[in-house]
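pasting a predicted model and its sequence here:
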Amino acid sequence: MAENNKDASASSNELEELVAASDTGSRKLGGVPNKILLGTAAAWSLFQLWIASPLPFIFGFGVFSATESRSIHLAFALFLAYMAYPAFKRSPRDRVPVTDWAMALVAAFTGAYLYIFYDQLAQRPGAPILQDVIVAVVGLVLLLEATRRALGPPLMIVAIVFLVYSLAGPYMPGMLAHRGVSFEALANHQWLTTQGVFGIALGVSTSFVFLFVLFGALLDKAGAGNYFIKVAFSLLGHYRGGPAKAAVVASGMTGLISGSSIANTVTTGTFTIPMMKRVGFSAEKAGAVEVASSVNGQIMPPVMGAAAFLMVEYVGISYVEVIKHAFLPALISYIALIYIVHLEALKAGMQGLESSNPPKPFLRKVIGFLTGLIALMALSFIVYYGLGWLKPVLGEATPWVVGILLAIVYVGLLKVGANYPELEEDDPNDANVKMPQTKPTVMVGLHYILPVIVLVWCLMVERLSPGLSAFWATVLMIIIMLTQRPLIAMFRGRSNMGSDIKHGFIDLWEGLIAGARNMIGIGIATAAAGIIVGAVAQTGVGLVLADLVETLSMGNLLLMLLLTAVLSLILGMGLPTTANYIVVSALLAPVIVSLGQQNGLIVPLIAVHLFVFYFGIMADVTPPVGLASFAAAAVSGGDPIRTGFQAFYYSLRTAALPFLFIFNTDLLLIGVTPLQGFVIFIIATIAMLIFAAATQGFMLTRNRWYESLLLLLVAFTLFRPGFWMDMIHDPYRDVAPSQFEQAMGNVDEGSNLRVRIEGLDAYGNPTSFVVLVPVPDGETGAERMDNLGLQLMEEDGRTLVDMTTFGSQAEELGFEFDQEIVSVRAPVERWSKEWMWIPGLAVFALVVLLQQRRRKNAAAAPA
């Protein structure tokens, strides 16, 4: 074991290069080129802070339109990509060749072209001149090369395929053929409009993603990353398999602020993996735990590997809504991973690390936990309602008063933290590493939580935009970086003001650079993915793909979901998370929604987007390309392919969740009350723990094969009780289409009717789909139909749509003139589907009794 640890520690330089190659660029320059690289990166961060702030509007200059901001954003990304990423493995790492200088400058010019010639381009929309076309073509070529350097060949190849498909439409076989796109039209659409490269994805990268990545980089540079790891170890390290549990929690906390699964794996893994090996995990299992927990960081709000902000634009709901829907599955997944680690420790008879905390009776532990929980809830209550009461009283002075209160709290937390020793970076390979004590570890870094609180407050309470919320959290983070060293030193009575302030500015400078360098890949990925989205819009290939998927799945929704999951995994093997999500959601999300409607399943758009996103991130785990698995194996000294398969096995719970919330949207907290949400969280967590016990083959003792099957059945019942209740009692009754209006008047207001419609789509092809029609206000059926904006007529025994009111709810639902109402189903009174939880839990209790008896017999048997 010592030998393995030695090998792992010896590869620290390789690990740095691995993260650099995938996230920040592997060139290490010196002299003037290095100053240009670092200065440009810092300038990019400052530019992003400027456009996110209210300052341009206060001072009346430096105000950029969305298109201008995207143009400058891409210019920075392209320039830094050519500066930081060498062309080939054999290319020099310590200097920038002349060709790269030239490509960097030309690429930056093409990126900034929309900003430089903004007024001229606005005067000739859709009519590019020769200069425009040349710049667009050169820009596309240089963007594709920058993509290859920063992200590898796969995304570049996919983008090239779509460009070729756009031009070669008439020559394509069969259903793939289209009328084709001219060279000029392609250049104009992809580079000179906001439909291609400069589309929604790059806009989200410009407006939101950069600030959150910068916030995470500053937080890490200030010392929060080390703090999170130490806190997790102090709380969990002494439990059975404790280092692995600490790795899960530390990676989860790091994932809150990090958009990169590879960086997360290396950052926390260099400390956690050797510790896991010390308590008995094999090299592959230790690496797999770190990979599973680090990749899961990308499904944790608020950043979600930049996908949360893209969902806002693609789904058309607020950022707070995205966070609400994504939070529960992510939390359940993390809790289940901790339980999986616990089961592994039980199977192997592992122990935890030696604790440096004084031993406490169990009752005191419970009381301490509950006291902390109640204090946190009380604090949240006081902050929320206290500030809510202050706002109407103080009016415009509220921000100043809140700022002063925040400053007082910050200085107070530093004063408290100064009474405890500083956190040091431990060497995990040192045989004498001891677990840190919990109280001193927690208290010394409480001020790191303040910017996160400000971020959540601005998002959830003030309802500011994600960009402005991240700006104010970043401003507080900058203040902390500049002041924490001198203030703590002063409180400890050993102040060296000049040196401490200088260190703060150095940390800030490095944080600004790190944030920008972490964004190079994301900026390039969103731009390159824009090529694919633009091609889909220009050629209509999305409809072709819909037909193809429908043909392959034979109209079966579950089979189609499996095909989508496999395609997401395949694409994800070569694409970064952000690009993979953009591509798959653009191609397949509408397909799932339309096929779901045809099958009678109304799938909310957010559920579909989360579905493709979950399977996209699974590709970071899956061999043969799972980069996070290779990074973990480099730390552990284990085999990367075996590590990847083990991590995938641990991640089965993450793969199961998307299928569950497609069929049971309660898991996404869609249309549930807070009390229902709490009950769903408890039951879903229990269900996921049971699923983990089934897939791991161990609960109280090793499972018999039939016990694993029963546990899977119980988990399915708890997750989707409606499946069984629908078999017992259909939730709807059939109503004759001619009785649509009467049915509308007979059901309760706020309920829904399920209506199947047949007609022709926009292309004249026959179509059939189901819509969920909400029952509006009104005393009678006729009044409700009028409020819905729908008028029907009877013709030859058929019920047809006569008219829909412009802008009405009926029009939004998809009702159009001359469609036929084929069937109407009205809701009926029945038992709540949650009653099925009782037999499910009874079967679970039976399995527990069987295992308890077997474990007791094994303990009583003579050795």
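It's in. Residues are numbered from 1 along each chain as shown.

hey, where'd the helices end up in the stretch 151-300 of the chain?
153-167, 183-187, 200-204, 210-221, 224-236, 242-255, 261-278, 283-296 (DSSP state H, counting those that start in this stretch).

who's in contact with the first one?
The one in question is helix 153-167. Helix 153-167 is contacted by residues 140, 144-145, 147-148, 172, 176, 180-181, 183, 186, 190, 525, 528-529, 531-532, 535-536, 538-539, 541, 571, 573-576, 579, 583 when judged by CB atoms under 8 Å, 6 or more residues apart in numbering. In short, each C-beta sits where N, CA and C put it, glycine included.

neighbours around residue 325, how many?
Number of residues near residue 325 (other CB atoms under 10 Å) recorded here: 24.

returning to that earlier point: as TSV, the helices of the stretch 151-300 of the chain with mean pLDDT and distance to residue 806 would be great.
Compiled in TSV, those are given as follows (pLDDT from 0 to 100; distance: least, CB to CB, whole Å):
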stretch	mean pLDDT	distance to residue 806
helix 153-167	89	34
helix 183-187	90	32
helix 200-204	87	27
helix 210-221	87	39
helix 224-236	82	53
helix 242-255	79	46
helix 261-278	78	47
helix 283-296	85	46
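
take the ones you listed and lay them out in CSV including distance to residue 849 and mean neighbour count.
Below are the helices of the stretch 151-300 of the chain laid out as CSV (distance: least, CB to CB, whole Å; neighbours: other CB atoms under 10 Å):
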stretch, distance to residue 849, mean neighbour count
helix 153-167, 51, 19
helix 183-187, 68, 18
helix 200-204, 52, 26
helix 210-221, 47, 26
helix 224-236, 30, 23
helix 242-255, 28, 28
helix 261-278, 33, 27
helix 283-296, 30, 30
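
in ChimeraX, how would I select the buried members of the contacts of helix 153-167?
Here is the ChimeraX command that selects only those of the contacts of helix 153-167 that count as buried (16 or more other CB atoms under 10 Å):
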select :140,144,145,147,148,172,180,181,186,190,525,528,529,531,532,535,536,538,539,541,571,573,574,575,576,579,583
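
the contacts of helix 153-167 in strands, which ones?
Using DSSP state E, no member of these falls in strands.

filter the contacts of helix 153-167 down to just the ones in helices.
Among the contacts of helix 153-167, DSSP state H puts 140, 144-145, 147-148, 183, 186, 525, 528-529, 531-532, 535-536, 538-539, 541, 571, 579, 583 in helices.

how about the strands in the stretch 651-800 of the chain?
732-735, 752-760, 766-774, 790-795, 798-804 (DSSP state E, counting those that start in this stretch).

state the mean pLDDT of the second one.
Meaning strand 752-760. Strand 752-760 shows a mean pLDDT of 86.

could you do the first one as well?
Predicted confidence along strand 732-735 averages 86 (mean pLDDT).

again with the last one
The average of the pLDDT scores along strand 798-804 is 88.

list of residues touching the next helix or strand after it?
The helix or strand immediately downstream of strand 798-804 is helix 809-813, counting by DSSP states H and E. Helix 809-813 has contacts (CB under 8 Å, 6+ apart) with 771, 773, 774, 776, 788, 789, 790, 804, 805.

among those residues, which one is most surrounded by other residues?
With neighbours defined as other CB under 10 Å, the most crowded of the contacts of helix 809-813 is residue 790; it has 25 neighbours.

so what's that one closest to, chain neighbours aside?
Closest residue in space to residue 790, ignoring its immediate chain neighbours: residue 810 at 3.9 Å, by CB to CB, 6 or more residues apart in numbering.

per-residue pLDDT, that neighbour?
For residue 810, pLDDT reads 85.

how near is it to residue 201?
Noted for residue 810: a distance of 33 Å to residue 201, by CB to CB, to the nearest Å.

do residue 659 as well
27 Å.

returning to what we had before: wait, which of the contacts of helix 809-813 is closest to residue 228?
The shortest approach to residue 228 among those belongs to residue 774, at 44.1 Å (CB to CB).

who does that closest one form a beta bridge with?
residue 752 (DSSP bridges).

surely it meets residue 749?
No: Residue 774 lies out of contact with residue 749 (CB atoms under 8 Å); the separation is 9.3 Å.

by mean pLDDT, which helix or strand of this structure comes out lowest?
Every helix and strand of the chain was ranked by mean pLDDT, DSSP states H and E. The lowest is helix 2-10, at a mean of 40.

could you chop the chain up by domain?
664-722+833-863, 732-829 (automatic domain parsing).

and those: which comes nearest residue 113?
domain 732-829 (34.9 Å).

that closest one: end-to-end distance?
9 Å (CA to CA, to the nearest Å).

how far off centre is that domain?
37 Å (CA atoms, centre = their mean, to the nearest Å).

and if you look at stretch 239-255?
19 Å.

show me what contacts residue 525?
147, 150, 151, 155, 575, 576, 578, 579.

once you drop chain neighbours, what's closest to it?
Nearest one to residue 525, counting by CB to CB, 6+ apart, is residue 579 at 4.1 Å.

so residue 328 is in which element?
Judged by DSSP H and E, residue 328 forms part of helix 319-348.

helix 283-296 and that helix, what's the angle between them?
170 degrees (axes from the mean of the first three to the mean of the last three CA atoms, to 10 degrees).

still on that earlier bit, out of the domains of the chain, which is closest to residue 331?
Closest among the domains of the chain, using CB to CB: domain 664-722+833-863, at 7.7 Å.

show me the shaky parts of the stretch 551-700 of the chain.
555, 572-574, 600, 623-626 (pLDDT under 70).

OK, contacts around the closest residue to residue 114 other than its chain neighbours?
Once flanking residues are discounted, residue 114 sits nearest to residue 71: 3.9 Å by CB to CB, 6+ apart. Counting by CB under 8 Å, 6+ apart, residue 71 touches 111, 112, 113, 114, 115, 118, 198.

relative to residue 51, how far out is residue 71?
12 Å.

what's near enough to touch residue 105?
Counting by CB under 8 Å, 6+ apart, residue 105 has contacts residue 79.

may I see the buried residues of whatever helix or strand it lives in?
For residue 105, the host element (DSSP H and E) is helix 98-116. Neighbour-count burial for helix 98-116, counted by 16+ other CB under 10 Å, picks out 100, 103-104, 106-115.

okay if I get those as a markdown table plus distance to residue 479?
Below are these laid out as a markdown table (distance: CB to CB, whole Å):
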| residue | distance to residue 479 |
| --- | --- |
| 100 | 38 |
| 103 | 39 |
| 104 | 34 |
| 106 | 39 |
| 107 | 36 |
| 108 | 32 |
| 109 | 37 |
| 110 | 38 |
| 111 | 32 |
| 112 | 32 |
| 113 | 37 |
| 114 | 35 |
| 115 | 31 |
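
just checking, residue 224 touches residue 447?
No: judged on CB under 8 Å, residue 224 makes no contact with residue 447 at a distance of 9.5 Å.

the residue nearest to residue 790: how many residues sit nearby?
22.

try residue 781
18.

dump the residue contacts of it.
Residue 781 neighbours (CB under 8 Å, 6+ apart): 741, 742, 743, 744, 745, 746.

confidence score at the closest residue to residue 834 other than its chain neighbours?
Once flanking residues are discounted, residue 834 sits nearest to residue 721: 5.8 Å by CB to CB, 6+ apart. Looking at residue 721, its pLDDT stands at 88.

swap in residue 19?
pLDDT, residue 19: 63.

and for residue 359?
Per-residue confidence (pLDDT) for residue 359: 57.

I'm done for today, thanks for sticking with me.
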